[in-house]
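> Fold the following.
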Amino acid sequence: MSGSHAHDQDQRQDQDQHPDQHPDRTRDQDPHRAPGTIEGHGGDLVVAALRAHRIDTLFTLSGGHVFPVYDGAVKAAEPLRIVDVRHEQTAVFAAEATAKLTRRPGLAVLTAGPGVTNGVSAVTTAHMNGSPLLVIGGRAPAFRWGSGALQELDHPPLLAPVTKRAATVHETDRIAAEVADAVALAARPHRGPVFLDVPMDVLFDRAEVPAPVAEEPVRSVPDPVAVATAAGLLAEAQRPVLVFGQDVWMDGAEEAARRAAETMGVPVVANGMGRGILPNGHELLVTRARSTALGGADLVVVIGAPLDFRLGYGVFGGRDGAPPARVVHLVDSPGRLGGNAPVAASVCGDLTLVLDDVVEAWTRKGKASAYQRWCEHVQAAVRTAAQSDRALLRGAGDTIHPVRVYGELLRVLDDDAVVIGDGGDFVSYAGKYVEPARPGGWLDPGPYGCLGTGLGYAIGARLARPDAQIVLLLGDGAAGFSLMDVDTLVRHKLPVVMVVGNNGIWGLEKHPMRKLYGYDVAADLAPATRYDEVVRALGGAGETVERAEDIGAALGRAFASEVPYLVNVLTDPEAVYPRSTNGV
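Just a heads-up that it's a prediction; the model follows:
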């Protein structure tokens, strides 16, 4: 059998177009089988466990080691949709995007050896993001193990550091139970990826086993003493700030978070997928003035986010000689606690319960009007920033500043748009100027900072949100990692608008290196590369924009096209994003 790098794609079958070719589609309803059991080869057992957990889409790049999984997906009573991509990392990134947007585990199936290792960076990204994900790997046959079979590699030791569990299933009659347990583990807070591989001979073998059953989620109740302590600190504070992180969204706590902010009248800074919980323009959303808010705060309540480099490693306050702010950390599980800075209080548990309990306890001690002057101060900083933004967002000139792209994009984004960022400086500007109107409307690589997420995230987002605008923002460096998967968008008829900020350099590296050494090296790309022609060659459409006044019309054509469409904007290489940290 061939692997992912030696196969004939013309042999693939399309189960959606030819359902009548599978007369055994209902084979899991055999009347001679014992009640409450399922019978089939290993792929049938995998699919039964996936279906029990409401997983309906499989992302993959074809490989012979996992053929039974495809067969099970095609012939099940409820077939799984199979989306085949051009690189395994794209399959995992697409599965992660599905997980982020649906808040159910995503699924990637990778063939043995290079199929698995090609997916490791994407699995690591999901691990760092806390995204629930099951990755099933093929594996060389057990009966040949150690004799040098094709793509023979012991995968779990490679995946163990970046997954909740990495294991091999050695018996066919254990496959359904192991897959069901893996999906449940991935979905259990703190969420993350799980990896299982199955030897080829074990996967092709048959067994009759109990029908898998989905695990019912259990909500973790917070400690009332810890809740009271956190609420007391909020009541004592004069300049509190709430930080909404990705886990607020992933834990389904976005409504509780908004209630908390509005009930207490506390300003909010949004981080990652915490963006959109308070919509753009909400009076308590002060992300645009985050340095003023976090620098001037006397208490920062970080909810559903780690105290990492994105949040100053948990050190806040200190502006204008003020003492450092105290920190309260609210998380979905104990393993998420901690950082480099001490915290004054912490609460673990289901974040809806945590937030509602903290607010209830706060109402017995505090009042929203106590923070009114502080809110007005930070809101004034937001207005000042917005005024200074206008010139860049509407700017004209001989070169195109990256912010000018977002000035035009903001005019055409719908409230339900999903905006995806994959890049360095160009996407950093998006994080500053593009604020989602709804929760679940923003995807970026997260703290691992892995380039190449873009096309996979776009594929997953289009499937998860079939009626929404899907906009992928790419730096020209990032485009080189995954642009070939436009072919996947085209083959599976998944329209996405792509915007490349094309400055012909690795901007995140070129300018800092110049500052450090007075010169730069290994930081240049070919100028004015026609990435739109790459997309056209793959069956999509696109155009290059050289003048700021042409950006709006090009975006209009992209959204109207209903095909994968790339707007290649030639931006100013001297425009430098004003960052204060590179994660050091």
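> Burial check on the closest residue to residue 475 other than its chain neighbours, number of neighbours?
Closest residue to residue 475 apart from its sequence neighbours, by Cβ to Cβ, 6 or more residues apart in numbering: residue 423 at 2.7 Å. The way it works is simple: take the backbone N, C-alpha and C, and place the C-beta from them, glycine included. A count of nearby residues for residue 423, using other Cβ atoms under 10 Å, gives 27.
> Who are the contact partners of residue 423?
451, 454, 473-478, 501 (Cβ atoms under 8 Å, 6 or more residues apart in numbering).
> again with residue 340
Residue 340 neighbours (Cβ under 8 Å, 6+ apart): 307, 313-315.
> of those residues, buried ones?
The neighbour-count test (16 or more other Cβ atoms under 10 Å) marks 307, 314-315 as buried among the contacts of residue 340.
> May I see the residues you listed organised as JSON lines, with secondary structure and distance to residue 67 added?
Output for the buried ones among the contacts of residue 340, formatted as JSON lines (DSSP: H, G, I helix; E, B strand; the rest coil; distance: Cβ to Cβ, whole Å):
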{"residue": "307", "secondary structure": "strand", "distance to residue 67": "45"}
{"residue": "314", "secondary structure": "helix", "distance to residue 67": "48"}
{"residue": "315", "secondary structure": "coil", "distance to residue 67": "53"}
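> By neighbours, which of the contacts of residue 423 wins?
Counting by other Cβ under 10 Å, top hit in these: residue 454 with 32 neighbours.
> Now that residue: closest residue in space that isn't a chain neighbour?
residue 422 (3.1 Å).
> State the phi and psi torsions of the one you found.
The phi/psi pair for residue 422 (degrees, to the nearest 10) reads phi -140, psi 90.
> Just list whatever residues bridge to it.
Residue 422 forms beta bridges with residue 474, as assigned by DSSP bridges.
> re the thing from before, tell me the one among the buried ones among the contacts of residue 340 nearest to residue 192.
residue 307 (18.1 Å; Cβ to Cβ).
> what sits against the closest one?
Contacts for residue 307 (Cβ under 8 Å, 6+ apart) come out as 313-314, 327, 329, 338-341, 343.
> before we move on, the earlier item: number of nearby residues for the residue nearest to residue 454?
29.
> Return the distance of it relative to residue 456.
9 Å (Cβ to Cβ, to the nearest Å).
> now swap in residue 441 and tell me
From residue 441 to residue 456 the distance is 18 Å (Cβ to Cβ).
> Pick out whichever of these two has more residues nearby.
Between residue 441 and residue 456, counted using other Cβ under 10 Å, the more crowded position is residue 456 (31 against 28).
> ok, the contacts of residue 307 vs residue 382, which is closest?
Checking those one by one against residue 382 (Cβ to Cβ), the nearest turns out to be residue 327, at 22.7 Å.
> That closest one and residue 311, how far apart?
Taking Cβ to Cβ as the criterion, residue 327 is separated from residue 311 by 9 Å.
> same deal with residue 147?
For residue 147 relative to residue 311 (Cβ to Cβ), the value is 51 Å.
> How about residue 335?
Where residue 311 is concerned, residue 335 sits at a distance of 18 Å (Cβ to Cβ).
> more neighbours, these two?
Per other Cβ under 10 Å, whichever of residue 335 and residue 311 has more neighbours is residue 311, with 22 against 11.
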